[in-house]
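> sequence and predicted structure below; questions after.
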Amino acid sequence: MDKWFMAVVVGPDRPGIVAKVTSALFNGGCNLGEASMTRLGGNFTMMLMVQHDGREKGLRDLLAPVVASLALHLHIDSIKAELHHHIEPDVRITLFGEDRSGIVAHATATLAEAGLHILSLESDVAGSKNRPIYVLHIEGAALEGVPSLESALSIIASEGIETQLTPVDTVMG
Amino acid sequence: MALLEILQYPDKRLKQSCDEVVLFDEALRTFLADLEETMRAGPGGVGIAAPQVGRLEQIALVDVSAKKKIKHHGRIVLINPEIIEWQGSVVGREGCLSLPDFTGNVIRAETITLEAQDEFGERQRYKMEGYEARAVQHELDHLKGMLFLDRLVSRRSDLFKRKVYK
């Protein structure tokens, strides 16, 4: 069993979706790999590595009943698994400020130019409807070193976004 | 000197509490030399605890001196160790020689004072902070059958740094 798929599931959030989707997969003989599941603004979102012997169509059929009953959208791609090769982050970056369009695009472009390989990014719209606050949390690898990212962050900070960089110095014991 | 085999989770011995060391003899010091060699052979290893090589006794080693720009005590032998004071708390990343290809965030005390015996049974007292304090707390957990997996916190939890004001 070495065929892997990435299943992306999106829909209105409600309790029990993870259990129903993963039970359908388990009962259909699938094995799960790494996953990211989170609620984004009232939407259930999931990206799930699925090991499945058959074809994409078979996997889709396994999920069809639960997808229909929970009004979910399903997208499936064949992928390479590449498990057991995590890249370790060496920086954590937090950015926050008054919400406006372009924060993510501008900040990540500036950081990418300074050598940041983003390994995980999560963001939230916090605050109130009238005064929304954008909070961005990134873990990544500083391919050109931390000082290069610090200069990038000072540019971002000069445009009114609060920035904080914490080096990730992993204790291996 | 010999390289010892590092047990990998889910080996049950990694989840057991360790016994106190009572005999400080040459055999203990030979074991410590082997343990140190094993720690240094691991990728980036800055600490190791005896249960990681299957010896269920309260023995650990820490040496973070290879890291730049941090305070440290060099190579320290921690036998029958006990933390007697904690201060502050901070989130940091940890990995374990007994669990390849996974690291996670863990909350630890920022500053600790601990007492431990050295390889000759002499009682020593250390006050330490930051990276070294984290490494020591990680190793002392091993002696109680705890892994960093038992203390994982979510990726977002360092968003707002916690500080203890006194």
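Noted; the coordinates are in hand. Numbering: from 1, shown residues only, chains lettered A, B, ... in the order given.
> give me the low-pLDDT residue ranges for the chain?
Since no chain was named, I'll use chain A. The model of chain A has pLDDT under 70 over residues A:1.
> my bad, the chain I had in mind was chain B
B:155-166.
> show me the helices in it, by range?
Taking DSSP state H as the test, the helices found in chain B are B:26-41, B:130-143.
> before we move on, what about chain A?
Listed from the start of the chain, chain A has helices (DSSP H) covering A:17-27, A:56-69, A:103-113, A:146-157.
> name the residues that touch the second one?
Helix A:56-69 is contacted by residues A:5, A:7, A:9, A:20-21, A:24-25, A:28, A:30, A:50, A:52, A:72-74, A:76, A:78 when judged by C-beta atoms under 8 Å, 6 or more residues apart in numbering or on different chains. For every residue, glycine as well, the C-beta is placed using N, CA and C.
> again, only using 10 Å
Residues lying outside helix A:56-69 but in contact with it, judged by C-beta atoms under 10 Å, 6 or more residues apart in numbering or on different chains, are A:3, A:5, A:7, A:9, A:11, A:17, A:19-30, A:50, A:52-55, A:72-78.
> please apply the same query to the first one.
For helix A:17-27, contacts defined as C-beta under 10 Å, 6+ apart pick out A:7, A:9, A:11, A:14, A:16, A:30-32, A:35, A:37, A:39, A:44, A:46, A:48, A:50-52, A:59, A:62-67, A:69-70, A:72, A:74.
> which of the residues in it are buried?
Of the residues in helix A:17-27, those with enough neighbours to count as buried (16 or more other C-beta atoms under 10 Å in any protein chain shown) are A:17, A:20-22, A:24-25.
> now the residues you listed as CSV including distance to residue B:142?
Below are the buried residues of helix A:17-27 laid out as CSV (distance: C-beta to C-beta, whole Å):
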residue, distance to residue B:142
A:17, 38
A:20, 39
A:21, 37
A:22, 33
A:24, 40
A:25, 36
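> list just the nearest of the residues you listed to residue B:10.
Within the buried residues of helix A:17-27, distances to residue B:10 taken as C-beta to C-beta reach their minimum at residue A:22, with 21.8 Å.
> which among the contacts of helix A:17-27 end up buried?
A:7, A:9, A:11, A:30, A:44, A:46, A:48, A:50-52, A:59, A:62-63, A:66-67, A:70, A:72, A:74.
> how about the nearest residue to the residue in chain B positioned nearest to chain A, chain neighbours excluded?
When scored by C-beta to the nearest C-beta, chain B has residue B:47 as its residue closest to chain A, at 3.6 Å. Nearest residue to residue B:47 in three dimensions, chain neighbours excluded: residue A:173, at 3.6 Å (C-beta to C-beta, 6 or more residues apart in numbering or on different chains).
> pull the number of nearby residues for the one you found.
Close neighbours of residue A:173, defined as other C-beta atoms under 10 Å in any protein chain shown, add up to 30.
> start to end distance for stretch B:18-31?
Counting by C-alpha to C-alpha, to the nearest Å, you get 16 Å between the two ends of stretch B:18-31.
> list the buried residues in that stretch.
Neighbour counts using 16+ other C-beta under 10 Å place B:18, B:21, B:28, B:31 of stretch B:18-31 among the buried residues.
> what sits against the residue nearest to residue B:148 when sequence neighbours are not counted?
For residue B:148, ignoring the flanking residues on the chain, the nearest one in space by C-beta to C-beta, 6+ apart is residue B:94 at 4.4 Å. Taking C-beta under 10 Å, 6+ apart as the criterion, residue B:94 is in contact with A:170-173, B:102-106, B:108, B:134-135, B:137-138, B:141, B:147-149, B:151-152.
> quick one, what contacts the residue in chain A that chain B sits nearest to?
For chain A, the residue closest to chain B is residue A:173, as judged by C-beta to the nearest C-beta, at 3.6 Å. Applying C-beta under 10 Å, 6+ apart, one finds that residue A:173 lies in contact with B:39, B:42, B:44-49, B:52, B:60-62, B:64, B:94-98, B:134-139, B:141-142, B:148.
> give me the ChimeraX select line for those, limited to the buried ones.
Applying 16+ other C-beta under 10 Å to the contacts of residue A:173 leaves a buried subset, and the ChimeraX line that selects it is:
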select /B:39,42,45,46,47,48,49,52,60,61,62,64,94,95,96,97,98,134,135,136,137,138,139,141,142,148
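> any idea how chain A splits into domains?
Taking automatic domain parsing as the reference, chain A has its domains at A:4-79, A:91-167.
> enumerate the residues of chain A near chain B.
The interface of chain A toward chain B, taken as C-beta under 10 Å from any C-beta of the partner chain, is made up of A:83-86, A:88-90, A:92, A:94, A:96, A:120, A:122, A:124, A:135, A:137, A:139, A:164, A:166-173.
> any of those residues buried? List them.
Of the members of those, the ones counted as buried by neighbours, 16+ other C-beta under 10 Å, are A:88-90, A:92, A:94, A:96, A:122, A:124, A:135, A:137, A:139, A:164, A:166, A:168-173.
> for residue 144, the count of nearby residues, please.
You didn't pick a chain, so chain A it is. A count of nearby residues for residue A:144, using other C-beta under 10 Å, gives 13.
> looking at chain B here, not the other one
By the criterion of other C-beta under 10 Å, residue B:144 has 14 neighbours.
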